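**Student:** structure here, sequence nowhere to be found:
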């Protein structure tokens, strides 16, 4: 297949995926289920095992043909999988940026024990699932992949349930969210170790390694991970300072993402996954003053790429294989192992840390859902040959079930009217308040300024997810949970701390009001309104109304480019249109020096934006014998149309005018008739008559 065919096929596929994930994502939200499920199901539906494999005109093998071969273990094309891999890098870089290292280190006792216990028990049970399935050793890399997938947690799903139940600030909610941070870090470490083992074993012609050799290798890989992570954390401020050299926030945010791509590629060369480098890059920048700015600037990229990743993962699921008895039995078994690993591991350790039985069950249940981490590991395992398509489908089945099962299970435990700790705690007197604004934009503005203000006062802010609108704020024994949804901002905290929160909200609103008042003072809304109405009236009526016979010269006297431009500017000056004739002339000549405006077929369109004019104006001149104007075709120019507009003009009237005139003069007969017109009035009427 030629490169143009590959590219056209990829472009078409991406367009279809974008529509599918948006439609199914919105549908999922309306059904009150996580959007990731909708995006995953969209991929399953349009994938090669379903609608994507149906033969259509121009697509004999379907729009998403099955790409499986003996050499190629993926159901989708390499190009599409590569795109999904880039999406996973964006996802993990964003996750690293969201990881609040200060919060991680300061509030780490209960969270660390619960997070590590749940992850390690799930890893162990998941690995033993592989031992029984493959009849292999515990250190078989296929078994280890199952263990890594089982240890992941997608706490954003549980956070949404906690928020809806007004339990974000409960002891269980606080502990669960902190434990999830440790869970993510431990997943990255385990994945790095397992990939290091896979890399060495795949190149080991002598066969499998001994358990002792594997443990030594695991220690070496962990050392590499720890060394690289520590180095980047130590160098985080110099890195941020380097990025800020580029000043523009869009530029340094894109370069920060570029840094994650470079580090991802380098670590992949060392046998570690691309996503590990991306996560380290995000983690190192998370403690800098530009972290929040980078998060905001890359949000459009996140919104574009990440749903594509989930869809591509769904496209590799063979529903028929899931329904086959062996795969279904393993999928259900693996799901139960994944669920009980978290409930027993995380919940059991919670019992030892001051929680009662109901509190421990809540924490364990909240840690159940798997999501992006598990899907990323699945994709890596499939590409590495550690997982086959049947196993991949069974694992996605587990991910789907845990995402679906966790919210109702957690909701049931939260309905039980009992506290989750053995002793009363401060947050048991928690209260909730909500502020509703006139629009979602205002709510976004208040939310971002509130978080910025809290950070400046020494609070640790942890975002649950780029698009979830949930944030955890901590300082000493103060815990605040903020939810932004549509036009409202909801806050949950203890009764004693709510006055502080109210004061912060009011301060933010007052400061924003002052800023808006200053903005009003700096501009005249009535003048802007009049200018906008004038612009709309002129463009709506007829863009060619800019052609004025009074500003039209049938026979120009100038012989050179500069003389002709000067003559056209003087036509506008005589008509008393210009504010500053010399400024307009200088700006037009300066624009002409950057690139000649001599077009083809004897037409020249000199133009410029300038402060020397109040509104867009046009001057036209004809020189029948022609003049050298550095035209594109090298021929003399005969028709000269000068367009000047104010630098601060609303809209793009000059662009519309040039497009309209260009469409008219494309007809050579009309062009010749205009050039040979007897009077300016005849020429203008001729152009208006033939407007497209």
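**Tutor:** Done, it's in. Please read these numbers as outputs of a predicted model, since none were measured by experiment.
**Student:** ok, residue 46 - contacts?
**Tutor:** When contacts are counted by C-beta atoms under 8 Å, 6 or more residues apart in numbering, residue 46 touches 16-17, 20, 52, 63-64, 311, 315. Every residue, glycine included, has its C-beta placed from N, CA and C.
**Student:** so what's it scoring on pLDDT?
**Tutor:** Looking at residue 46, its pLDDT stands at 94.
**Student:** what's the longest helix in the protein?
**Tutor:** helix 171-202 (DSSP state H).
**Student:** packing partners of that one?
**Tutor:** helix 101-106, helix 109-134, helix 141-151, helix 155-164, helix 211-234, helix 274-285, helix 357-366, helix 372-384 (3 or more C-beta pairs under 8 Å, 6 or more residues apart in numbering; DSSP states H and E).
**Student:** okay, buried residues for it please.
**Tutor:** Along helix 171-202, these residues count as buried under the neighbour rule (16 or more other C-beta atoms under 10 Å): 171-201.
**Student:** could you do stretch 613-628 as well?
**Tutor:** Across stretch 613-628, burial judged by 16+ other C-beta under 10 Å covers 613, 616-623, 627.
**Student:** re earlier: among the contacts of residue 46, which are in helices?
**Tutor:** Secondary structure of those is defined by DSSP H; positions in helices are 16-17, 20, 311, 315.
**Student:** dump those residues to a markdown table, plus neighbour count, pLDDT and distance to residue 228.
**Tutor:** Written out in a markdown table, the entries for the ones in helices among the contacts of residue 46 read as follows (neighbours: other C-beta atoms under 10 Å; pLDDT from 0 to 100; distance: C-beta to C-beta, whole Å):
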| residue | neighbour count | pLDDT | distance to residue 228 |
| --- | --- | --- | --- |
| 16 | 17 | 96 | 38 |
| 17 | 27 | 95 | 33 |
| 20 | 25 | 95 | 37 |
| 311 | 32 | 93 | 31 |
| 315 | 29 | 92 | 33 |
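**Student:** need the max-distance pair from the residues you listed.
**Tutor:** For the ones in helices among the contacts of residue 46, the maximum inter-member distance is 10.9 Å, found between 16 and 315 (C-beta to C-beta).
**Student:** which residue is nearest the middle of the protein?
**Tutor:** In the chain, the centroid-proximal residue (C-alpha atoms, centre = their mean) is residue 302; its distance is 1.5 Å.
**Student:** what's the average pLDDT for stretch 248-259?
**Tutor:** Per-region confidence: stretch 248-259 scores 90 on mean pLDDT.
**Student:** what's the answer for stretch 373-385, then?
**Tutor:** Mean pLDDT, taken over the full extent of stretch 373-385, equals 84.
**Student:** do the same with stretch 393-408
**Tutor:** Per-residue confidence for stretch 393-408 averages out to 89 on the pLDDT scale.
**Student:** who touches that stretch?
**Tutor:** Here stretch 393-408 has contacts from 33-34, 36-37, 40, 146, 149, 154, 157-158, 160-161, 313-314, 317-319, 321-322, 327-328, 330-331, 334-335, 338-339, 365-366, 368-371, 374-375, 378, 387, using C-beta under 8 Å, 6+ apart.
**Student:** what comes up buried for it?
**Tutor:** Neighbour-count burial for stretch 393-408, with 16+ other C-beta under 10 Å as criterion, is recorded at 393-403, 406-407.
**Student:** got the contact list for the closest residue to residue 444 other than its chain neighbours?
**Tutor:** Leaving aside its sequence neighbours, residue 444 sits nearest to residue 484 (C-beta to C-beta, 6 or more residues apart in numbering; 7.2 Å). Residue 484 is in contact with 443-444, 447, 469, 490, counting by C-beta under 8 Å, 6+ apart.
**Student:** could you dump those to CSV with distance to residue 634, neighbour count and pLDDT?
**Tutor:** Formatted as CSV, those follow (distance: C-beta to C-beta, whole Å; neighbours: other C-beta atoms under 10 Å; pLDDT from 0 to 100):
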residue, distance to residue 634, neighbour count, pLDDT
443, 59, 20, 85
444, 54, 15, 84
447, 59, 19, 87
469, 60, 20, 67
490, 68, 19, 86
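**Student:** circling back to that earlier point, show me which of the ones in helices among the contacts of residue 46 is closest to residue 354.
**Tutor:** Checking the ones in helices among the contacts of residue 46 against residue 354 by C-beta to C-beta gives residue 311 as the nearest, at 42.7 Å.
**Student:** number of residues surrounding residue 32?
**Tutor:** By the criterion of other C-beta atoms under 10 Å, residue 32 has 9 neighbours.
**Student:** to clarify, my last question referred to residue 236.
**Tutor:** The burial count assigned to residue 236 is 18, neighbours taken as other C-beta under 10 Å.
**Student:** looks like it contacts residue 287 (just checking).
**Tutor:** Yes - Residue 236 sits in contact with residue 287 when judged by C-beta atoms under 8 Å, with a separation of 5.7 Å.
**Student:** confirm for me that residue 35 is in contact with residue 27.
**Tutor:** No - under the contact definition of C-beta under 8 Å, residue 35 does not touch residue 27, with a separation of 9.1 Å.
**Student:** residue 321 and residue 389, how far apart?
**Tutor:** The gap separating residue 321 from residue 389 is 7 Å, by C-beta to C-beta, to the nearest Å.
**Student:** looking at the helices and strands packed on helix 171-202, spot the one closest to residue 572.
**Tutor:** The closest approach between residue 572 and any of those, judged by C-beta to C-beta, belongs to helix 274-285 at 52.5 Å.
**Student:** one step back: more neighbours: residue 35 and residue 27, which one.
**Tutor:** Set side by side, residue 35 and residue 27 show unequal neighbour counts under other C-beta under 10 Å, the larger going to residue 35 at 19 against 15.
**Student:** show me what contacts the residue lying closest to that one once chain neighbours are set aside?
**Tutor:** Counting by C-beta to C-beta, 6+ apart, the nearest residue to residue 35 once its immediate chain neighbours are dropped is residue 25, at 4.2 Å. When contacts are counted by C-beta under 8 Å, 6+ apart, residue 25 is found next to 35, 38-39, 42, 307.
**Student:** all strands of the chain, in order?
**Tutor:** Across the chain, reading from the start of the chain, the strands by DSSP state E fall at 430-436, 460-463, 470-475, 478-485, 488-494, 552-553, 603-604, 607-610, 617-627, 637-646.
**Student:** what's the average pLDDT for the third one?
**Tutor:** Per-residue pLDDT values across strand 470-475 average out to 74.
**Student:** roughly how far out does it sit from the chain middle?
**Tutor:** The gap between the average C-alpha position of strand 470-475 and the chain average comes to 22 Å, counting by C-alpha atoms, centre = their mean, to the nearest Å.
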